[in-house]
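Asks: next input, structure requested:
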Amino acid sequence: MSSNVVYAIVKAGGRQEKVAVGDVVVVDRLAAQAGSTVELPALLLVDGEKVTTDAAALAKVKVTAEVVRDEKGPKIDILKYKNKTGYRKRQGHRQQLTRIKVTGIK
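Replies: From the prediction side, this is the model:
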C-alpha cells in the first residue's frame with residue numbers, strides 16, 4: 001500500500017461512505033442544485049500512515065463535493081397477499097438519490 005493514500009469516511013444521507021478525491025458517490029437526495037458545491041462531515045481521515053479520528057481535529061477537515069445530478073433508484077415492488085381472503089395490495093417505491101463527485105479533502 002502506498003504511503004501517500006488520502007481518503008476519508010464521511011457521513012452522507014444517514015450512511016457512511018469511504019471517499020477519495022475524484023470519486024463519484026450516490027447518496028440520499030440532497031437539497032442542492034446540479035453544479036453546486038456541498039460540504040460533507042468527516043468521521044475519519046487517513047493521510048498516508050496517519051489516521052485521524054479526533055473530533056476536534058476532524059472539525060477542521062473539509063470534504064467538498066460537487067453535485068452531478070439528481071436521480072432515482074431502482075423500482076421496488078411491494079406485494080402483500082393473504083390466501084383465501086381475497087386480500088391483495090400492490091405498492092411501488094423509487095428512492096430519490098443524488099450523485100456527487102468529491103473534489104477535495106483538506
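Asks: where along the chain do the helices fall?
Replies: For the chain, the helices defined by DSSP state H occupy 55-58.
Asks: please enumerate the strands of this protein.
Replies: Taking DSSP state E as the test, the strands found in the chain are 6-12, 15-19, 24-28, 37-40, 42-47, 50-52, 63-72, 76-82, 87-93, 96-105.
Asks: quick one: strands adjacent to the fourth one?
Replies: Here strand 37-40 is paired, per DSSP bridges, with strand 63-72 (antiparallel).
Asks: next, the buried residues of the partner strand.
Replies: Of all the residues in strand 63-72, those buried under the rule 16 or more other C-beta atoms under 10 Å are 63, 65-67. Bear in mind the C-beta positions are built from the backbone N, C-alpha and C, glycine included.
Asks: where does this structure have low pLDDT?
Replies: Along the chain, segments meeting pLDDT under 70 span 1-3.
Asks: surely residue 9 and residue 43 touch.
Replies: Yes: at 4.8 Å, residue 9 counts as touching residue 43 under the criterion of C-beta atoms under 8 Å.
Asks: identify the contacts common to the two.
Replies: Both residue 9 and residue 43 are in contact with residue 16, where contact means C-beta atoms under 8 Å, 6 or more residues apart in numbering.
Asks: nearest residue to the middle of this protein?
Replies: Most central in the chain under C-alpha atoms, centre = their mean is residue 27, positioned 3.4 Å from the mean C-alpha point.
Asks: wait, isn't residue 43 in contact with residue 59?
Replies: No: the pair residue 43 and residue 59 does not pass the contact test of C-beta under 8 Å, sitting 11.4 Å apart.
Asks: more crowded one of the two?
Replies: residue 43 (16 against 10; other C-beta atoms under 10 Å).
Asks: so how many other residues sit close to the closest residue to residue 23 other than its chain neighbours?
Replies: In space, and not counting its chain neighbours, residue 23 is closest to residue 102: 4.9 Å by C-beta to C-beta, 6 or more residues apart in numbering. Close neighbours of residue 102, defined as other C-beta under 10 Å, add up to 21.
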